[in-house]
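Chemist: here's my sequence, what's the structure:
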Amino acid sequence: MLRLVAATALIAVLAGGAARADEAAETASLQALVEALALPELVEVMREEGLVYGEGLEDELFPGRGGARWEAAVDRIYDGGRIEAEMRAALDRRLGAAEIAPLVAFFTSPRGARIVALELSARKAMLDPEIDRASRERLEEMQADGDPKLDLVGRFIAVNGLIEANVAGALNANYAFYTGLVDGRAFDYPVTEDQILDDVRRQAPEIREDTRTWLFSYLTMAYAPLDAATMEAYIGLSESRPGRDLNDALFEGVEAVFEDISHELGLAAARFIAGQDL
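Modeler: Residues are numbered from 1 along each chain as shown. Next comes the predicted model:
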């Protein structure tokens, strides 16, 4: 009996060591994927997009009354570390080592690394209103000319469900923002949840059209240097199980953190709308 207990204890120790080794390996593989996707750099662009969005909120809701205090609030709310942590957590929940390996292999290959670099540089460029406008004008020209690159970009968008996922995320974020306004007492009259839902639903067609236009403008600019074979390979990865899970994980992480961010923005905006001090 004592031998059995001793043996069991030894197995437990060895299993614990193996578990720690496996955990370390999984952490290393997740970090490799994060680096291959240039996730910290992407989060920084997303943060910059949020700061620009915050400026627009002030112009729309309480023009000239936000100033440095509103800028500081928006800067605090769009915490890059928080955004990255949520996206990492979603990747960790969704992806196992067997799925991460082919993703890292693809995105660290010369072809994959180029895709990541092009996506990142194009998204940074779209922060400039002039470039954004030029990309939309270029899209109209491509549509008029029947450019075959549009078919490849359209397939990539469809395979990844980018339009519907982005629309759903935007609607959820808008709902969270409105509830933040209500919770922060921005209105001097009662606002029901049904009223918020009705207002958000009415925005859906406009959001869908703007999302579609932005996606095609952004991705046609990003993928302009890529040949058809590279695009086909990227679409193939998106159709695979690892590719689908990666896409789901990224949207899951972004949606979770941006719902919280949107609610906090609503709370902060409510104070300015109501004339309160932050």
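
Chemist: output the lowest mean pLDDT helix or strand found in this protein.
Modeler: Lowest mean confidence among the helices and strands of the chain (mean pLDDT, DSSP states H and E): helix 2-36, at a mean of 54.

Chemist: how far out from the middle of the chain is the helix or strand following that one?
Modeler: The first helix or strand that comes after helix 2-36 along the chain, using DSSP states H and E, is helix 39-61. Centroid separation for helix 39-61 versus its chain: 12 Å, with C-alpha atoms, centre = their mean, to the nearest Å.

Chemist: quick check: mean pLDDT across helix 39-61?
Modeler: Averaging pLDDT along helix 39-61 yields 96.

Chemist: so what does that helix touch, helix or strand wise?
Modeler: Under the contact criterion of 3 or more C-beta pairs under 8 Å, 6 or more residues apart in numbering; DSSP states H and E, helix 39-61 touches helix 67-77, helix 80-94, helix 110-125, helix 241-273. For glycine as for every other residue, the C-beta is placed from the backbone atoms N, C-alpha and C.

Chemist: what does that helix rub up against?
Modeler: In this structure, residues lying in contact with helix 39-61 by C-beta atoms under 8 Å, 6 or more residues apart in numbering are 34, 65-66, 70-71, 74-75, 77-80, 83-84, 87-88, 120, 123-124, 127, 254, 261, 265, 269, 272-273.

Chemist: got it, and stretch 216-226?
Modeler: The set of residues external to stretch 216-226 that reach it, using C-beta under 8 Å, 6+ apart, is 114-115, 118-119, 121-123, 125-126, 132, 135-136, 138-139, 142, 149-150, 152-154, 156-157, 231, 234.

Chemist: what is the mean pLDDT for it?
Modeler: The average of the pLDDT scores along stretch 216-226 is 98.

Chemist: likewise stretch 118-138?
Modeler: Across stretch 118-138, the average pLDDT comes to 97.

Chemist: I figured Pro242 hits Glu99, correct?
Modeler: Yes - the criterion here is C-beta atoms under 8 Å, and Pro242 meets it with Glu99 at 4.1 Å.

Chemist: follow-up on the earlier one: now a PyMOL select for only the buried ones of the contacts of stretch 216-226.
Modeler: A single PyMOL command selects the buried members of the contacts of stretch 216-226 (16 or more other C-beta atoms under 10 Å):
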select buried, resi 115+118+119+122+123+125+126+132+135+136+139+142+149+150+152+153+156+157+231+234
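
Chemist: show me where the stretch 101-250 of the chain has strands.
Modeler: In the stretch 101-250 of the chain, no segments count as strands under DSSP state E, counting those that start in this stretch.

Chemist: and the helices in it?
Modeler: In order along the chain, the stretch 101-250 of the chain carries the following helices (DSSP state H, counting those that start in this stretch): 110-125, 129-145, 149-159, 162-183, 193-202, 204-222, 228-239, 241-273.

Chemist: now list the buried members of the contacts of helix 39-61.
Modeler: For the contacts of helix 39-61, buried by 16+ other C-beta under 10 Å: 34, 66, 70, 74, 77-78, 83-84, 87-88, 120, 123-124, 254, 261, 265, 269, 272-273.

Chemist: picking that back up, with distance to Thr27 added, can I get the helices and strands packed on helix 39-61 in a markdown table?
Modeler: Output for the helices and strands packed on helix 39-61, formatted as a markdown table (distance: least, C-beta to C-beta, whole Å):
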| stretch | distance to Thr27 |
| --- | --- |
| helix 67-77 | 29 |
| helix 80-94 | 9 |
| helix 110-125 | 21 |
| helix 241-273 | 16 |
